[in-house]
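Undergrad: any chance you can model this:
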Amino acid sequence: FAMPECAIGIFPDVGGTHLLSSLPCALGNYLALTGGKLSGLEAYEAGIATHFVRSSQIGSLVDRLAQSADIAVSRNVARAGIEQVLAEVTVAAMDTDDVKRTELSLLRDGGYLNRCFDAETVEECVAKLKEERLRIDEQLTAAKNEQLERVREWIVSCEAAMETANPLSLKVSMALLRYGRGSGDGKRPSLAECLRAEARAMWHFVKTLDDADDAKKGDFFAGVTHRLVTKSPGSPPWQYSRLEDVSDRDVDMVMNATSDDDNVLTPLAKL
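TA: Coordinates of the predicted model:
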């Protein structure tokens, strides 16, 4: 599982605002800002996936699901049978000795994820990553520690991902996550409301794609071309080259972008 949209000049979309904001703050921020990848087991541990099945057990899982459907006499019975099979397979997978401790468990249990990404702004995350890296460097100077070396590698990879990501995308992503978490009264925006917020923001990134001049087509075009088409090294030619160049006003303009075409949000109005 991954949402690497900041690397190509946009932000976690297709409901990413709603999904990532439902996770613990640090985990949601980490996935949105770095495009960090979770394995199948890690996605289950994070609560993103509902079940976990080992690759070697997929064949037998299909057979068991087919058998449960064959004996079902109603839709409810079939659903209950499927849920039971999936639950049993998940428990069996988690109980096997060769399911190793995941990187996500190491980062969460050691407090590294919270210390680096439990923040309200992108700048805070950048500062926290640097602070944690320097703290680990001091510890590694005193004594070699394989676990700390793994964490340091993770921090460096996070810093590298954010350094080459679109600065505007990073700040818009954080703004959308804050929106998705709600105002603190326990009420969160619905999936439909998050999709509408994403649609408004996305309009800012795609409205220039029809421009005849490639240089004026915007960050989304630049990111996709650089990362996926030419596969060039380094950062794409973003509109803003540094986080500090992106003002709160710039972010507000994206979050409140409006379209000349009333049909842009029409399909979402019925959600």
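
Undergrad: neighbours of the residue nearest to residue 8 when sequence neighbours are not counted, how many?
TA: Leaving aside its chain neighbours, residue 8 sits nearest to residue 223 (3.7 Å; criterion: Cβ to Cβ, 6 or more residues apart in numbering). Yep, even glycine has a C-beta here, placed from its N, CA and C like the rest. Residues lying near residue 223 (other Cβ atoms under 10 Å) number 24.

Undergrad: now residue 207
TA: Residue 207: 18 neighbours (other Cβ under 10 Å).

Undergrad: how much space is there between it and residue 166?
TA: With distances taken as Cβ to Cβ, to the nearest Å, residue 207 is found 16 Å from residue 166.

Undergrad: C-terminal to the helix or strand containing residue 203, what's the next element?
TA: Here residue 203, judged by DSSP states H and E, is contained in helix 191-206. The first helix or strand that comes after helix 191-206 along the chain, using DSSP H and E, is helix 219-224.

Undergrad: run a quick check on the residue nearest to residue 8 versus residue 9, I expect a contact.
TA: Yes: here residue 223 reaches residue 9: they are 2.9 Å apart, a contact under Cβ atoms under 8 Å.

Undergrad: what sits in contact with each of these two?
TA: Taking Cβ atoms under 8 Å, 6 or more residues apart in numbering as the contact rule, the neighbours common to residue 223 and residue 9 are 166, 236, 238.

Undergrad: list the contacts for the residue nearest to residue 8?
TA: So residue 223 contacts 7, 8, 9, 10, 166, 236, 238 (Cβ under 8 Å, 6+ apart).

Undergrad: tell me the confidence at it?
TA: Looking at residue 223, its pLDDT reads 93.

Undergrad: do the same with residue 69
TA: If you check residue 69, the pLDDT there is 62.

Undergrad: look up how far residue 127 lies from residue 135.
TA: 13 Å.

Undergrad: pretty sure residue 227 sits against residue 235.
TA: No: the criterion here is Cβ under 8 Å, and residue 227 misses it with residue 235 at 9.8 Å.

Undergrad: how much space between the residue nearest to residue 34 when sequence neighbours are not counted and residue 227?
TA: Spatial nearest neighbour of residue 34, excluding adjacent residues (Cβ to Cβ, 6+ apart): residue 161 at 4.3 Å. Distance from residue 161 to residue 227, counting by Cβ to Cβ: 12 Å.

Undergrad: now for the two: what residues contact both?
TA: Common neighbours of residue 161 and residue 227, using Cβ under 8 Å, 6+ apart, are residue 7.

Undergrad: and the helix holding residue 203, what does it pack onto?
TA: Judged by 3 or more Cβ pairs under 8 Å, 6 or more residues apart in numbering; DSSP states H and E, the packing partners of helix 191-206 are helix 16-21, helix 167-181, helix 219-224, helix 248-255, helix 266-269.

Undergrad: least confident of the ones you listed, on average?
TA: Of all the helices and strands packed on helix 191-206, the minimum mean pLDDT falls on helix 266-269 (a mean of 59).

Undergrad: buried stuff in the helix holding residue 203?
TA: 193-206 (16 or more other Cβ atoms under 10 Å).

Undergrad: cool, and stretch 137-149?
TA: residue 148.

Undergrad: how far away is residue 249 from residue 40?
TA: Relative to residue 40, and taking Cβ to Cβ, residue 249 is found at 41 Å.

Undergrad: what about those two, which has more around it?
TA: A direct count of neighbours by other Cβ under 10 Å for residue 249 and residue 40 places residue 40 higher, at 16 against 7.

Undergrad: with that, I have no additional questions.
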